[in-house]
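**Student:** Pasting the sequence and the predicted model now:
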Amino acid sequence: MLPETTPEDDGTTTPPTPDRRPPADRVTLKADLRATLPDASAAFVLTAAVFVFFWARMESGDSATVAVMPFMDDPRTYWMYLLSQAFGWSGLLWAWGTVMLGLLLSGPRPARLPVSRQVLERWHRTTSLTTMALMFAHALMFSAELVRYEAQVGWARRLWVGFADAFVPGWYDSGTGRIAIPLGQGALYLAIPLGLLFYVRHRIGANAWRRLHRFVIVVYVLSVWHTLLYGTNVWYGEWPRTVLWLLQLPVAVLLLLRLLRPARRAERLRAPARPGSGSLPGWVLRAAGRIAAAAVVIGLLAVVASGHDGGRDRPTDPPTSSPHAPETE
Ligand code: HEM
């Protein structure tokens, strides 16, 4: 234990020094970053595999990206774009995994789990750190591709255009990207504080942290929306788009279960007049959340069953305009 005051040689005393060491059981960002190594490595291996797959599809003439943007028919030139797409997919898959783990931990406790709750919690934290890194790498590679592309202007302008188009909301002003890019930026910029606040929850209070952390589902919804709107590999109404929609079903079901039977008793929805049910507007809001989650499950089932998934028909002739061709194209 530290002494309350430190006697100085001249006889004066210094104010008490607070003990800044975290308690032994507090999870720190540093420790979690170290623990992230295995799943971050797995994510990079997957990214590499997706990159090779997209490259091979371009070489074989099967690339949906090239069908949407014929000028891209050269993986050696557009490799940074392919790498950006690959990071986008690993980012989305990791976001899916970390959201599923979070919902498993906060919803009805399964009778049997293959690993302990502590292990699940650690996986949730490490996969969420990896997700942030993958999302950032995705945007960074897109930015790098724009810098490479703008070869006809000076370096300062190239760097600025690459940075602003990828990272400044509202800057990108071409086609679908005017909506889709800010959606992706919203996801990235929300993910960072909502994910990292966990490590300062002893400062902001566990309740404040819990309330804020709930909004992480918005990050996931924005990510999926961005992908469905902008991903050229899910542009057409073919199997990759169907799989992407299908993957959302377990998330929506777990979200509904988590809202109907939350692990924390205090979050259960009691009849509005009963003690502990909170204010009436609050109760209405929470009931509406449960109804919305049920509607999402039904909506997803309808999309998958009907095939009305927003996918376009693959044209027999290449399109005259592309969704996010650089301005100078
Ligand atoms: C600063 C933020 C972001 C920017 C600038 C950005 C940019 C882009 C661009 C330009 C595309 C089109 C690529 C194509 O031709 O298919 C795209 C697609 C995609 N993005 Fe993002 N994005 C951002 C955030 C995110 C986030 C947070 C996620 C979630 C993990 C994400 C996941 C994806 C996925 C999965 C695709 C589909 C790629 C494909 O079709 O192969 N993006 N993004």
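**Tutor:** On my side now, so go ahead.
**Student:** Let's see stretch 296-315 as PDB, backbone CA atoms only.
**Tutor:** Presented in PDB, the C-alpha positions along stretch 296-315 are these (Å, rounded to 0.1, in the frame of the first residue of the first chain):
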ATOM      1  CA  VAL A 296     -37.400  -7.700 -38.700                       C
ATOM      2  CA  VAL A 297     -37.400 -11.500 -38.300                       C
ATOM      3  CA  ILE A 298     -40.600 -11.800 -40.300                       C
ATOM      4  CA  GLY A 299     -39.200  -9.300 -42.900                       C
ATOM      5  CA  LEU A 300     -36.000 -11.300 -43.300                       C
ATOM      6  CA  LEU A 301     -38.000 -14.500 -43.800                       C
ATOM      7  CA  ALA A 302     -40.100 -12.800 -46.400                       C
ATOM      8  CA  VAL A 303     -37.100 -11.500 -48.300                       C
ATOM      9  CA  VAL A 304     -35.400 -14.800 -48.400                       C
ATOM     10  CA  ALA A 305     -38.500 -16.800 -49.300                       C
ATOM     11  CA  SER A 306     -39.700 -14.300 -52.000                       C
ATOM     12  CA  GLY A 307     -36.300 -13.600 -53.500                       C
ATOM     13  CA  HIS A 308     -37.200  -9.800 -53.500                       C
ATOM     14  CA  ASP A 309     -33.800  -8.900 -52.000                       C
ATOM     15  CA  GLY A 310     -33.000  -5.700 -53.900                       C
ATOM     16  CA  GLY A 311     -30.500  -7.400 -56.200                       C
ATOM     17  CA  ARG A 312     -30.400  -6.300 -59.800                       C
ATOM     18  CA  ASP A 313     -30.400  -8.500 -62.900                       C
ATOM     19  CA  ARG A 314     -27.000  -9.100 -64.400                       C
ATOM     20  CA  PRO A 315     -27.000  -7.200 -67.700                       C
END
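**Student:** What segments of the protein are helices?
**Tutor:** Counting by DSSP state H, one finds helices in the chain at the ranges 29-35, 37-60, 64-68, 79-106, 117-149, 155-167, 177-196, 201-204, 206-213, 216-230, 239-260, 280-306.
**Student:** In CSV: those, plus mean pLDDT, mean neighbour count and distance to the ligand.
**Tutor:** Bear in mind the C-beta positions are built from the backbone N, C-alpha and C, glycine included. Formatted as CSV, the helices of the chain follow (pLDDT from 0 to 100; neighbours: other Cβ atoms under 10 Å; distance: least, Cβ to the nearest ligand atom, whole Å):
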stretch, mean pLDDT, mean neighbour count, distance to the ligand
helix 29-35, 96, 13, 20
helix 37-60, 97, 16, 7
helix 64-68, 96, 20, 5
helix 79-106, 97, 22, 3
helix 117-149, 97, 20, 3
helix 155-167, 96, 16, 4
helix 177-196, 97, 18, 3
helix 201-204, 93, 12, 24
helix 206-213, 93, 13, 17
helix 216-230, 98, 20, 4
helix 239-260, 96, 18, 8
helix 280-306, 93, 13, 18
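**Student:** got CSV for those helices, with distance to residue 312 too?
**Tutor:** Output for those, formatted as CSV (distance: least, Cβ to Cβ, whole Å):
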stretch, distance to residue 312
helix 29-35, 41
helix 37-60, 18
helix 64-68, 9
helix 79-106, 18
helix 117-149, 22
helix 155-167, 24
helix 177-196, 15
helix 201-204, 45
helix 206-213, 37
helix 216-230, 12
helix 239-260, 10
helix 280-306, 15
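**Student:** who wins for proximity to residue 269 among those helices?
**Tutor:** Proximity to residue 269 (Cβ to Cβ) singles out helix 280-306 among those, at 5.6 Å.
**Student:** start to end distance for stretch 272-284?
**Tutor:** Terminal residues of stretch 272-284 lie 9 Å apart, using Cα to Cα, to the nearest Å.
**Student:** Sorry, wrong one. I was asking about stretch 160-174.
**Tutor:** Length of stretch 160-174, first residue to last, Cα to Cα: 17 Å.
**Student:** just stretch 66-76 next, same as before
**Tutor:** One end of stretch 66-76 to the other measures 13 Å (Cα to Cα).
**Student:** mind listing what's buried in it?
**Tutor:** 66-69, 72-73, 75 (16 or more other Cβ atoms under 10 Å).
**Student:** got TSV for those residues, with distance to residue 58 too?
**Tutor:** Listed next are those as TSV, based on distance: Cβ to Cβ, whole Å:
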residue	distance to residue 58
66	6
67	11
68	12
69	11
72	8
73	7
75	4
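**Student:** Near the residue of the stretch 201-329 of the chain found nearest the ligand, how many other residues are there?
**Tutor:** Residue nearest to the ligand within the stretch 201-329 of the chain: residue 231 (2.8 Å; Cβ to the nearest ligand atom). Residue 231 is flanked by 21 other residues according to other Cβ atoms under 10 Å.
**Student:** Can you report phi and psi for it?
**Tutor:** Phi and psi for residue 231, reported as degrees, to the nearest 10, are phi -70, psi 120.
**Student:** Perfect, that will be all.
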